[in-house]
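Student: just a sequence and a predicted model for now, questions to come.
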Amino acid sequence: MNSSTGPLDDLRSAVLAAAAALAEAGPRSTPTLERPRQADFGDLSTNAAMLLAPVLRAAPRDVAGRLGEELTARLGDRLAKVEVAGPGFLNLFLDDAWFGDALRGVLAAGDAFGGGGARAAAERVNVEFVSANPTGPMHVGHARNAAYGDALARILELHGHAVTREFYVNDHGSQVRRFAESIRARARGEDVPEDGYRGDYVTELASLDDGEISLEELGRRGVAAMLERAAATLDRFRVAMDVWYSERSLHDEGKVKHAFDVLAEQGATYTSEGALWLRTTAYGDDKDRVLVRSSGEHTYFASDIAYHQDKRERGFQRLVDVWGADHHGYINRMKAAFEALGGDPAELELLIMQFVQLAAGRMSKRSGEFVTLDDLVDEIGVDAARWFLLHRSHDTTIELDLELAKRESAENPVYYVQYAHARIAGVLAKAGHDEADVAFADRTLPLEPGERALVMKLLAFPGEVAEAADRRAPHRIAAYALELAQEFTAFYRDCRVVGAEVEDFRLALSIATKRTIARALGLLGVSAPDAM
RNA sequence: GCGCCCGUAGCUCAGUGGAUAGAGCGCUUGCCUCCGGAGCAAGAGGUCGCAGGUUCGAAUCCUGCCGGGCGCGCCA
């Protein structure tokens, strides 16, 4: 737990201390400290007095007045002015020196800026995502899952957690057999079976079948080939998995048996109608679930339980699974199973990605019936694709019209953000500044509104990272990056940098902005070019 | 029928108790002697699905409806 992650947190502490001076119990909930919509409401505003009023049984505006006095006593000349406004807001006007120190703080934080604000202790986190079946190419749904899981991992890392990125490989079971049968049929020039795989990619794998090998071996080779493609596609999409975890290995290494033993010890399994069941209803599921079918075959659920038990035994403090919306009906049973294994259900997070809906009538021809991740990257590039997939909340469906996306890619806001970054690089080049020396003298000329606004926006970054991390919401970083770029552009419009009397300050501000844009884009896996 | 997600500007969507609800795209009108015009400024455009409730205060929390998506296998 850090005592301070920046000037905003110092102010927040001062507000809380001032509140505590008025009422020992403090406000009934955490006060806000945020940038008001209107400039004449000050640099920052807090609702602390309104939260305190019921506790003190006093009028909110009176409480605000007293709170302002307490705050003034604590902050001295850093606080240029306080005003009581509206129903009881307290608007804070900060001194120029405060902004100068704040900017120095941003620059001094260097690569750590934005991180270190973890509200909870750092954890070892396993993020399992994509996990596309190795029997077909990855489509846009996997692309969204990949972009989201990877960005979440990057955000959690900056936030201070130790993250493992993991891909669960479904290389076991009937689908692999059907995949092998499909390849063999193509190798022989026959039609694929009724329930087989039909894409051209299956035909392309026909050479794997020399006619001698077993169906099982052919399945292994087919899966290996598909995984190689998946890894290449993900690499191109800037996703680097740490672990590719084989479902088959769970069976081969006795981990399924082990998980069954753990469940049996807890008395959570029973046999009925020739099948082995897990009593998930004891943990909130609507019905019990089969682990071993009466035929003797294990269900997919059995593998998944063993997989999660293995993750627990590998010492992660938090497990995050990123699933597609079509799996949400699976949540209760997985949570139940996790609890039956002895796990704390709070340590298992099952995040559901809503679908990418394809605009009707604009399907890709290449893969037959869907737009693949590779298609998307081919058409609009990694930066635009990742931005498009990440800039909305994961729990809302997004609509993809590939033709429209192509046409509009030049108008994509991601380029606006990148442009701001490149423009700063241009300004620095013109000033002959190498970004090494970011020192600046204390201001004698008053700060311009654009300068104050830009510093404030920079200071908001650590809080945004914390929110994005805690709420598993990378899209907030995209929104922040756009706002920061807009704030810089307004500053750039109003404040001459090169040759200005306060050039040193403005160069330092520009550099801090450039780094923060690059960092925010980096969290999304989007590049920040110096020229475009 | 039950469960999960969604319903906010023409379109795509931010906004999980605070001041006059925002952005991008699209549309209208201006702006290239000016550090990068992939830009800037101004403007039009809203019953925040509907109805109750909680609160000093609700797009936000609760309840019930309506509409859309998805899921309810001894499939994976």
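Tutor: Right, received. Where do you want to start?
Student: quick one: the strands in chain A, in order.
Tutor: A:33-34, A:44-46, A:79-85, A:89-94, A:124-128, A:162-169, A:243-246, A:269-272, A:275-278, A:289-292, A:318-324, A:348-353, A:356-358, A:398-400 (DSSP state E).
Student: go ahead and flag the most central residue of chain A.
Tutor: Centroid-nearest residue in chain A, with Cα atoms, centre = their mean: A:Leu152, separated by 2.6 Å.
Student: so how far is RNA strand B from that residue?
Tutor: Here the criterion is Cβ to the nearest atom of the strand, to the nearest Å. By it, A:Leu152 lies 14 Å from RNA strand B. Placement of C-beta: from N, CA and C, glycine included.
Student: and the pLDDT for that residue?
Tutor: The score at A:Leu152 is 97. That number is its pLDDT.
Student: the residue of the stretch 101-250 of chain A found nearest RNA strand B and A:Glu212, how far apart?
Tutor: The minimum distance from the stretch 101-250 of chain A to RNA strand B, using Cβ to the nearest atom of the strand, falls at A:Gly173 (4.0 Å). According to Cβ to Cβ, to the nearest Å, A:Gly173 and A:Glu212 sit 24 Å apart.
Student: now A:Gly274
Tutor: Per Cβ to Cβ, A:Gly274 is found 37 Å from A:Glu212.
Student: next one: A:Gln486
Tutor: Relative to A:Glu212, and taking Cβ to Cβ, A:Gln486 is found at 64 Å.
Student: same drill for those two, tell me which one is more crowded.
Tutor: Taking neighbours as other Cβ atoms under 10 Å, A:Gln486 and A:Glu212 compare with A:Gln486 leading, 16 against 7.
Student: residues in contact with that one?
Tutor: Under the criterion of Cβ atoms under 8 Å, 6 or more residues apart in numbering, the neighbours of A:Gln486 are A:Tyr416.
Student: what's the pLDDT at it?
Tutor: Looking at A:Gln486, its pLDDT is 96.
Student: do A:Leu348 as well
Tutor: 95.
Student: again, but for A:Ser303
Tutor: pLDDT recorded at A:Ser303 is 96.
Student: go on, the one 3 residues further on?
Tutor: In this prediction, A:Ala306 carries a pLDDT score of 97.
Student: thought it was touching A:Val256?
Tutor: Yes. Contact status for A:Ala306 versus A:Val256: in contact at 4.3 Å, counting by Cβ atoms under 8 Å.
Student: hmm, back to that, would you turn the strands of chain A into JSON lines with mean neighbour count and distance to A:Arg236?
Tutor: JSON lines is the format used below for the strands of chain A (neighbours: other Cβ atoms under 10 Å; distance: least, Cβ to Cβ, whole Å):
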{"stretch": "strand A:33-34", "mean neighbour count": "16", "distance to A:Arg236": "40"}
{"stretch": "strand A:44-46", "mean neighbour count": "24", "distance to A:Arg236": "43"}
{"stretch": "strand A:79-85", "mean neighbour count": "17", "distance to A:Arg236": "52"}
{"stretch": "strand A:89-94", "mean neighbour count": "23", "distance to A:Arg236": "46"}
{"stretch": "strand A:124-128", "mean neighbour count": "21", "distance to A:Arg236": "20"}
{"stretch": "strand A:162-169", "mean neighbour count": "20", "distance to A:Arg236": "15"}
{"stretch": "strand A:243-246", "mean neighbour count": "17", "distance to A:Arg236": "17"}
{"stretch": "strand A:269-272", "mean neighbour count": "13", "distance to A:Arg236": "44"}
{"stretch": "strand A:275-278", "mean neighbour count": "20", "distance to A:Arg236": "40"}
{"stretch": "strand A:289-292", "mean neighbour count": "20", "distance to A:Arg236": "38"}
{"stretch": "strand A:318-324", "mean neighbour count": "20", "distance to A:Arg236": "20"}
{"stretch": "strand A:348-353", "mean neighbour count": "19", "distance to A:Arg236": "20"}
{"stretch": "strand A:356-358", "mean neighbour count": "18", "distance to A:Arg236": "18"}
{"stretch": "strand A:398-400", "mean neighbour count": "16", "distance to A:Arg236": "19"}
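Student: low-scoring stretches of chain A, by residue?
Tutor: A:1-5, A:116-120, A:359-369, A:407-408 (pLDDT under 70).
Student: could you list the domains of chain A?
Tutor: Following automatic domain parsing, one gets these domains for chain A: A:7-94, A:129-248+A:354-407, A:412-524.
Student: pull the distance from the first one to the chain's centre.
Tutor: Put simply, domain A:7-94 sits 32 Å off its chain's centre (Cα atoms, centre = their mean, to the nearest Å).
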